[in-house]
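Undergrad: Fold the following and give me the result.
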Amino acid sequence: MMGDSEADIAAILRGVLWLGRRLRTERPPSGISLSGIGLLSTLNRSGPMSAVCLAAEEGLQAQSLSRLIASLERAGCIERQRSEIDRREIVIGLTPRGREALAEDMRGRRFWLEPAMAQALTETERATLLQAADAMLKLARHKDG
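TA: Below is the predicted model of the structure:
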């Protein structure tokens, strides 16, 4: 691992997992799963896309994605439309209800995170955390090979 010690890797894993667990407990009760929120977030960030592209972006199998899409469509969070470019293709897009569900989910976590960061971390630690967030996103997008 290019010089990273097992203790360093364990510390990173512990920090990421514990913070993730804490942020999950701060979610408002909405009935939308974390996978659903992830899908809504991808559509919000990247815009409407085909199910194939969405599955690749989310790292989901087709069967799992189909169930998730059906659930979010029933909840009024997403809609299917014909592609403007290729009328044979169906694209999935976010509805106003989906945007609001995503915003509500994020508000619940921000309600805890913002004051916790202000109270528990120094200005230098907050800056370091912001840099670490960029590094974690880079790692999350890394493809093997």
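Undergrad: contacting residues around the one helix or strand Ala140 maps to?
TA: Per DSSP states H and E: Ala140 is located in helix 123-141. For helix 123-141, the external contacting residues (C-beta atoms under 8 Å, 6 or more residues apart in numbering) are Val16, Met117, Leu121. The way it works is simple: take the backbone N, C-alpha and C, and place the C-beta from them, glycine included.
Undergrad: Format these as TSV; extra columns: distance to Glu104.
TA: Output for those, formatted as TSV (distance: C-beta to C-beta, whole Å):
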residue	distance to Glu104
Val16	24
Met117	21
Leu121	26
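Undergrad: May I have the helix holding Ala140 exported as CSV, CA atoms only?
TA: What follows is helix 123-141, C-alpha atoms only, in CSV (Å, rounded to 0.1, in the frame of the first residue of the first chain):
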residue,chain,number,x,y,z
GLU,A,123,-10.5,26.4,11.7
THR,A,124,-7.4,24.4,10.6
GLU,A,125,-9.2,21.1,11.2
ARG,A,126,-12.2,22.3,9.2
ALA,A,127,-9.9,23.2,6.3
THR,A,128,-8.2,19.8,6.6
LEU,A,129,-11.5,18.1,6.6
LEU,A,130,-12.5,20.0,3.4
GLN,A,131,-9.3,18.8,1.7
ALA,A,132,-10.0,15.2,2.9
ALA,A,133,-13.5,15.4,1.4
ASP,A,134,-11.9,16.1,-2.0
ALA,A,135,-9.5,13.2,-1.5
MET,A,136,-12.3,10.9,-0.5
LEU,A,137,-14.3,11.8,-3.5
LYS,A,138,-11.3,11.1,-5.7
LEU,A,139,-10.9,7.7,-4.0
ALA,A,140,-14.5,6.9,-4.4
ARG,A,141,-14.4,7.6,-8.2
